[in-house]
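Visitor: make a model of this:
(4 chains)
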Protein chains: 2
Amino acid sequence: MSVVRSQGYDGASLAQLSKASGLGKSSLYHHFPEGKDDMVAAVLDHLETTLDATVFAPLRAPGPPATRIKRMNGSLLVFYREGREACLLASLGIGDSSRRFHPRVKQLFRRWIEAIAHALRDGGVPRGQAQLRAEEAIVRIEGSLVLARSLDDPAIFQRALKSLPELLAS
Amino acid sequence: MSVVRSQGYDGASLAQLSKASGLGKSSLYHHFPEGKDDMVAAVLDHLETTLDATVFAPLRAPGPPATRIKRMNGSLLVFYREGREACLLASLGIGDSSRRFHPRVKQLFRRWIEAIAHALRDGGVPRGQAQLRAEEAIVRIEGSLVLARSLDDPAIFQRALKSLPELLAS
DNA sequence: GTCTATAATAGGATAGAC
DNA sequence: GTCTATCCTATTATAGAC
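Guide: Residues are numbered from 1 along each chain as shown, chains lettered A, B, ... in the order given. This is a model prediction of the structure:
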């Protein structure tokens, strides 16, 4: 996962994946018979599991919406290493390979937006508004990751996270 | 430029660059003796020229800040094909090559932010506030491009642009 | 399930004719 | 300044021993 998110699909070579996983190339092909596409699919599986457990679940748990958003922020802070790590979904959006993974990337973004919107509706925000604000939240998360990394300034990501409770308040 | 922005550095093959430019590989090497790095550097030159003329200049031109922001928006709408085209600076932020181009990417983002902040200060926004809001504007532009393309929904980018005049108002 | 060895191919880059 | 032909290396992928 760390190789794919930092290198993108085309940049992630088998040599790097082998080194990072500690397995020889042939062992990788034993576990992923379809090759690199299979490996990246497994990375997406892993991302989905991680998001489910650390981001979507807190957003759907009982409690005040503001608390749920803050729990999401805590998970994101760890997951994106305080803004120093790229977003896998964004990295996979580049290149020809993106066409193959596009459906899954799209679905993960949709599920994320829906989880946020769900929390907002629980806080009394009307359906349409909740959807728009949830999209705006993802826009800030993704955009701040791009800019924080480009400017070597993780504070940009951290400020974006801090802005979310207010954006998402009823 | 269109190849690099859509494919990233690693995904942009000489074959694609040759086809897109209409030149054979050897002709490309005649114009860019250092190879692919030289070609991408030229793409960054071209981007800088384009941004200077269509984005930075309007932001620094005389007139009310709101008007200048709207002129920037008009240029961005064209440049990003209403939200269907990726950002070259974001595409170059992925992979090992990003280290080589990072200084130029960083500087272009800084100049963009500074141009927006300049317009805000002219509108009476205090220096620190102007800087923060300009960064937030880029966050929205970049993030909305990622999300709009991932969800096949260019309206997300267009809404982000529409939100800028209010964000940046004094 | 992992390894070494090896294919097969694509990609970046060069030589030299025109 | 462009082309055809070629080289070299990295990369994806496979075969077969252990």
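
Visitor: buried sites along stretch A:18-29?
Guide: Under the neighbour-count criterion of 16 or more other C-beta atoms under 10 Å in any protein chain shown, stretch A:18-29 has A:Ser18, A:Leu28, A:Tyr29 buried. In this view, the C-beta of every residue, glycine as well, is placed from N, C-alpha and C.

Visitor: what's the end-to-end length of it?
Guide: By C-alpha to C-alpha, to the nearest Å, the extent of stretch A:18-29 from end to end equals 10 Å.

Visitor: stretch A:74-86 too?
Guide: This stretch, stretch A:74-86, spans 17 Å end to end (C-alpha to C-alpha).

Visitor: stretch A:119-131 too?
Guide: Distance across stretch A:119-131, first residue to last, is 11 Å (C-alpha to C-alpha).

Visitor: before we move on, what about stretch A:78-94?
Guide: Start and end residues of stretch A:78-94 are separated by 24 Å (C-alpha to C-alpha).

Visitor: also stretch A:21-30?
Guide: 13 Å.

Visitor: same check, this time on stretch A:55-67
Guide: So stretch A:55-67: terminal residues 12 Å apart, C-alpha to C-alpha.

Visitor: contacting residues around it?
Guide: Contact with stretch A:55-67 is made by A:68-69, A:71-72, A:75-76, A:79, A:111-112, A:115-116, A:118-120, A:122-123, A:165, A:168-170, as judged by C-beta atoms under 8 Å, 6 or more residues apart in numbering or on different chains.

Visitor: what are the buried residues along that stretch?
Guide: Buried-residue list, stretch A:55-67, by 16+ other C-beta under 10 Å: A:Val55, A:Phe56, A:Pro58, A:Leu59, A:Pro65, A:Ala66.

Visitor: if you look at those residues, which of them are in helices?
Guide: A:Pro58, A:Leu59, A:Pro65, A:Ala66 (DSSP state H).

Visitor: which of those residues lies closest to B:Thr50?
Guide: A:Leu59 (40.1 Å; C-beta to C-beta).

Visitor: distance of the closest one relative to A:Arg111?
Guide: Per C-beta to C-beta, to the nearest Å, A:Leu59 is found 10 Å from A:Arg111.

Visitor: next one: A:Ala61
Guide: 16 Å.

Visitor: now the residue of chain A found nearest chain B: which helix or strand?
Guide: Per C-beta to the nearest C-beta, A:Gly143 is where chain A lies closest to chain B, at 2.5 Å. Taking DSSP states H and E as the definition, A:Gly143 sits inside helix A:127-150.

Visitor: what is that helix packed up against?
Guide: Other elements packing on helix A:127-150 under the criterion 3 or more C-beta pairs under 8 Å, 6 or more residues apart in numbering or on different chains; DSSP states H and E are helix A:88-91, helix A:97-122, helix A:155-168, helix B:88-91, helix B:97-122, helix B:127-150, helix B:155-168.

Visitor: switch these over to JSON lines; also include distance to B:Gly24 and mean pLDDT.
Guide: Formatted as JSON lines, these follow (distance: least, C-beta to C-beta, whole Å; pLDDT from 0 to 100):
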{"stretch": "helix A:88-91", "distance to B:Gly24": "32", "mean pLDDT": "98"}
{"stretch": "helix A:97-122", "distance to B:Gly24": "26", "mean pLDDT": "98"}
{"stretch": "helix A:155-168", "distance to B:Gly24": "43", "mean pLDDT": "97"}
{"stretch": "helix B:88-91", "distance to B:Gly24": "24", "mean pLDDT": "98"}
{"stretch": "helix B:97-122", "distance to B:Gly24": "23", "mean pLDDT": "98"}
{"stretch": "helix B:127-150", "distance to B:Gly24": "32", "mean pLDDT": "98"}
{"stretch": "helix B:155-168", "distance to B:Gly24": "36", "mean pLDDT": "97"}
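
Visitor: among these, which comes closest to DNA strand D?
Guide: helix A:97-122 (10.4 Å; C-beta to the nearest atom of the strand).

Visitor: between the closest one and helix A:127-150, how big is the angle?
Guide: Angle, helix A:97-122 to helix A:127-150, by axes from the mean of the first three to the mean of the last three C-alpha atoms, to 10 degrees: 130 degrees.
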